[in-house]
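Peer 1: coords please:
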Amino acid sequence: MPTPFSVLFTVGLFALSALFSPVAVAAENEGQPDLDKAIETKVSAETLAEWGTVIDLCQSALDKGLDKANEEFCKQLLSSTLLQRAEEISERLFNKNNPFGPQAPNFVRMALKDVERAVEIDPKQASAQVLLGKLQGRSGDLKKARLAFDEAVRLAKDDDDVKAQAFRWRGLISEKLDDRLDDLSEAVKLAPDNAEILRDRGAAYLAAGKPEEALADFDAALKIDDDDVAAHEARGMALDSLKRYEDAAESFGRAVELSPGNAILLLQRARMRALTGNHEGAIDDVDRALEIDPDNLFGLLLRAQTLVQLDKAEEALADANRALASRPDSDDALRVWAMVTEKADKAEEAIKELRQQVEANPDDAVAWLQLGLLYAAGKQSAKAIDADSAAIKLDPQRDFAYQVRADIYLNGGQQKEAIGDYEKALKLDAERNNGMATNNGILNNLAWVLATSPEKELRDGQRAIKLATQACELTNYKMAHILSTLAAAYAETGDFETARKWSAKSVEIADDSLKDQLRKELASYEKEQPWREKQPQP
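Peer 2: Okay, here's the model as predicted:
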């Protein structure tokens, strides 16, 4: 039955009197001492532990009870301190020299929990949503991260700095390059003097194969902050893409000045110096890099190749042997070792030693693969195929072994067999890289034979276009022989206009040693004739 009005009135009077009674006020403010202590601690707090104390005291004060005004103030103090601690952790996490090491995932979770609590208290903070998105992205939840950045853009309204950061970070997690560039361009419009955003857009342009646009952004970023090591390094990479190797060496050199203990920067400059013929300078840089990082594989291989250019093949072989001994799983180490062994006139000697080695230990897959490479270099195709087949039997999951045998088949005119091995190599490469093949050599060679084989049943123009496009994307459309393959693929499908475009581009960027061959291909497409090629049988 309904409660009589008289009873309601009596209950109301009782509640009102209780609200203003000394006992009720005392209970309502039982958390006041903790709040006072939290305020006092916050004034001088500078460490994660001290902010943690403030957070604990605020939560304790809320749990014990506060009056309405103090409760609201305590929540704001709790929210701001949670964000402050999360921002400090994030700043360190996103720093290139992340100090947390293997404990980083634990700190990501800690910071993420802090921001989630802060957003729960006050969901209308745009900057908190940006931080939430960054941490969710770092933890791998890109879907939630995008939602947080979307919300930050909505909440930021006229706050251009916060909105720029939301666009920036949303762009950085975008899978599509066009989306990334759109968001980063919006960020640049909102914060044109932000060097980091300019550098990020430059990196996106570089990934999209637009080195000139990238260079403009890096130059703009460096006008704002000339001490930005990452921007100087990125500028060097853009100049490398434009084949302005001397300028690139200067950019990497400036980065080395700012970060002299960075072996990677020294090796980047060494590579540019080698490309411009400054082999002695390249060796000096590699020597310095290897003092910092003695087992750096790229450094050992670069020095080996540079020493060959200086006619110091014996010294080069020492580096190649050292590289292969430390990384027998490295395809690059095997390639360079085989090349240097040939240059040092040690192939016959090496073959003899390797034959003894595999006789003593026939299960040594790497030794069989080394034999295959040396036989192939000496144009002993049958022996090369036998040795490589032995390596494949022992290690059927090594895509490089299939690639080597496919190359031997292709050079010997055995195109059907080559296609079979390229397919196996491509599948293994994709399995190792989350379903996406990344070996441009396999992609290019398979596309080439699918586009140019004289045997109709072996050709597949559409698949050749797909494979060659993927190879071009991996090499930023700056490898002449891969552009040539893309042109041949389009010609096979009858699209001679596109074939001529890519063929002309390949001629434009090719070294002199390739130009004559590429001009012949272009002449064929100008006559609207597809290119056909097959090496003679061995």
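
Peer 1: who touches D364 in this structure?
Peer 2: By CB atoms under 8 Å, 6 or more residues apart in numbering, the contact set of D364 is 357-358, 394. (Each C-beta comes from the backbone N, C-alpha and C, glycine too.)

Peer 1: so which of those is the closest to N70?
Peer 2: Nearest to N70, judged by CB to CB, of those is L394 at 74.3 Å.

Peer 1: so which of the contacts of D364 belong to helices?
Peer 2: 357-358, 394 (DSSP state H).

Peer 1: thinking again about what came up before, can I get the contacts of D364 in TSV including distance to V153 and pLDDT?
Peer 2: As requested, the contacts of D364 are exported to TSV (distance: CB to CB, whole Å; pLDDT from 0 to 100):
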residue	distance to V153	pLDDT
Q357	63	93
V358	63	93
L394	56	96
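
Peer 1: distance from the chain centre to the lengthiest helix in the chain, please.
Peer 2: If you go by DSSP H, the chain has its longest helix at helix 68-93. Mean-position distance between helix 68-93 and its chain equals 34 Å (CA atoms, centre = their mean, to the nearest Å).

Peer 1: which strands and helices sit next to the following helix or strand past that helix?
Peer 2: Downstream of helix 68-93, the first helix or strand assigned by DSSP states H and E is helix 104-121. Taking 3 or more CB pairs under 8 Å, 6 or more residues apart in numbering; DSSP states H and E as contact, the helices and strands that helix 104-121 lies on are helix 68-93, helix 126-138.

Peer 1: helices and strands around the last one, which ones?
Peer 2: In other words, helix 126-138. helix 68-93, helix 104-121, helix 142-156, helix 160-172.

Peer 1: and which of the contacts of D364 is nearest P33?
Peer 2: When the contacts of D364 are ranked by distance to P33 (CB to CB), L394 comes first, at 73.6 Å.

Peer 1: from D388, how far out is the closest one?
Peer 2: 11 Å (CB to CB, to the nearest Å).

Peer 1: swap in N434?
Peer 2: Distance from N434 to D388, by CB to CB: 27 Å.

Peer 1: with A49 instead?
Peer 2: For A49 relative to D388 (CB to CB), the value is 60 Å.

Peer 1: could you look up the SS state of S506?
Peer 2: helix (DSSP: H, G, I helix; E, B strand; the rest coil).

Peer 1: please parse this structure into its domains.
Peer 2: Using automatic domain parsing, the domain ranges for the chain come out as 1-26, 193-293, 295-335, 437-538.

Peer 1: check the offset of stretch 290-307 from the chain's centre.
Peer 2: Distance, centroid of stretch 290-307 to centroid of chain: 22 Å (CA atoms, centre = their mean).

Peer 1: actually stretch 104-118, sorry about that
Peer 2: Stretch 104-118 sits 25 Å away from the centroid of its parent chain (CA atoms, centre = their mean).

Peer 1: please apply the same query to stretch 124-138.
Peer 2: Taking CA atoms, centre = their mean, one finds stretch 124-138 lying 22 Å from the centre of the chain it belongs to.

Peer 1: give the rounded mean pLDDT of that stretch.
Peer 2: Averaged across stretch 124-138, pLDDT comes to 91.

Peer 1: look up the closest residue to L222, ignoring the ones flanking it.
Peer 2: Leaving aside its sequence neighbours, L222 sits nearest to A231 (CB to CB, 6 or more residues apart in numbering; 5.2 Å).
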